[in-house]
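Asks: Here is a sequence together with a model predicted from it:
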Amino acid sequence: MRQKKIATIRKTLVNKLEHLWSNARQTRTTMKNAEGTLADPFDLAAMESNKYVELACRDRERVLMLDIQETILRIDHGVYGICDSCARGIDEKRLLIEPMSKFCTQCQEEKEMSLKRRNACWGVKGMSYSHV
């Protein structure tokens with residue numbers, strides 16, 4: 001992949017990371033300001049429920065931020081676009097669609113198939129949920 005495209009991807013990732021940090025700071029400020037302002041137990045319960053959903057969303061964003069930071073480090077260390085599993089190059093089209101890809105298409109498919117097989121082993125066979 002050409003360095004110009006990699007630089008563009010890096011810039012996009014840095015901008016996304018800054019946006020996510022901004023969201024996290026805003027959420028923290030909003031939650032601090034909202035503490036202890038409601039006396040009605042129903043309003044308080046609704047606020048707690050909303051807080052739980054907000055924190056769950058922010059946790060997903062935290063994981064995304066870690067992935068973005070790792071990808072930026074990969075770019076900076078010159079290993080961006082190299083499959084973690086087989087060390088072959090990752091297709092440029094794949095990286096343009098999903099810039100944080102760490103596996104080539106073949107290794108990603110193998111990883112997903114392995115995960116499906118592992119999950120299938122945990123399934124209970126011969127049981128149903130309709131007990132009459």
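Replies: Done, it's in. Keep in mind the model is a prediction, meaning the values are calculated, not measured.
Asks: This structure: strands as residue ranges?
Replies: Using DSSP state E, the chain contains no strands.
Asks: Quick check, central residue of it?
Replies: Nearest to the geometric centre of the chain sits L64, at 3.4 Å (Cα atoms, centre = their mean).
Asks: tell me the contacts of that one?
Replies: By Cβ atoms under 8 Å, 6 or more residues apart in numbering, the contact set of L64 is L20. In short, each C-beta sits where N, CA and C put it, glycine included.
Asks: I'd like to know how far it sits from L17.
Replies: 9 Å (Cβ to Cβ, to the nearest Å).
Asks: Can you give me the pLDDT of A46?
Replies: We note a pLDDT of 82 for A46 in this prediction.
Asks: Around it, count how many other residues there are.
Replies: 12 (other Cβ atoms under 10 Å).
Asks: Could you check how far it is from D40?
Replies: 9 Å.
Asks: Also K11?
Replies: K11 is 47 Å from D40, by Cβ to Cβ.
Asks: Same question for S114.
Replies: 51 Å.
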